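> Any chance you can model this:
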Amino acid sequence: MRKKERYSPEVFAEKYDEYSPMIYRLCALRLGNRQDAEDAMQNTFIKFFYKAPEFDNPESEKAWLIRVSINVCKDFQKSFWQKKTVGLDETAELTVGIIEDAVRLIDVFELSPKNRTVLQLYYYEGYSVTEIAKILKISVNGVTSRLSRARQKLKLEMEAAEHEKNGIIPEH
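I've put the predicted structure just below:
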């Protein structure tokens with residue numbers, strides 16, 4: 001990755017249109033509400049514009065944006081104001097309005113940010129485990145274990161919701 005001249009407004013607009021939906025989804029899953037996700041997405045694209053990195057291929061560009069957006073979200077979560085707020089305000093707005101989808105999304109928010117990110121990249125963005133490992137700079141085993149933990153947690157949450165819906169009281 002090399003630095004080059006800043007993007008022209010037209011080229012930057014094309015990049016923004018291409019990548020903003022993916023970056024928004026990633027930030028929304030990590031941060032839990034629309035306003036914070038929009039701010040994080042905006043900060044990601046500001047870094048993209050000012051750093052003006054040059055990439056060998058579109059996949060490297062996409063991976064760079066994902067990595068930067070994750071770091072922006074981490075920085076945001078560390079901030080004083082973020083620690084003093086309650087997340088998940090608008091979880092239902094992130095879905096298409098179907099109650100079951102909202103419940104599933106709430107279940108996803110019960111996962112740790114690390115597990116949510118791996119889930120997002122694997123299922124929604126279509127990356128392989130190896131590609132996710134490179135993007136997140138962790139081992140392949142780390143990715144598979146995060147995916148496994150996320151799947152197990154979601155399975156338990158969905159089973160509990162189903163039992164509750166059917167009036168089944170779990171035995172302890």
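> What separation do you get for the spatially most central residue of the chain and S8?
Centroid check for the chain by C-alpha atoms, centre = their mean gives L26 as the closest residue, at 2.4 Å. Separation of L26 from S8 (C-beta to C-beta, to the nearest Å): 26 Å. Where C-beta positions appear, they are placed from N, C-alpha and C, glycine not excepted.
> helix/strand/coil for the spatially closest residue to I70 that is not a sequence neighbour?
With C-beta to C-beta, 6 or more residues apart in numbering as the criterion, I70 has its nearest non-adjacent residue at 6.1 Å, and that residue is T117. Recorded secondary structure, T117: helix (DSSP: H, G, I helix; E, B strand; the rest coil).
> R30 is in contact with T117, correct?
Yes: counting by C-beta atoms under 8 Å, T117 touches R30, with 6.4 Å between them.
> Could I get the average pLDDT for the lengthiest helix in the chain?
The longest helix of the chain (DSSP state H) is helix 140-166. Average pLDDT, helix 140-166: 81.
> Can you tell me which helices and strands it packs against?
If you count contacts as 3 or more C-beta pairs under 8 Å, 6 or more residues apart in numbering; DSSP states H and E, helix 140-166 packs onto helix 99-109, helix 113-119, helix 129-136.
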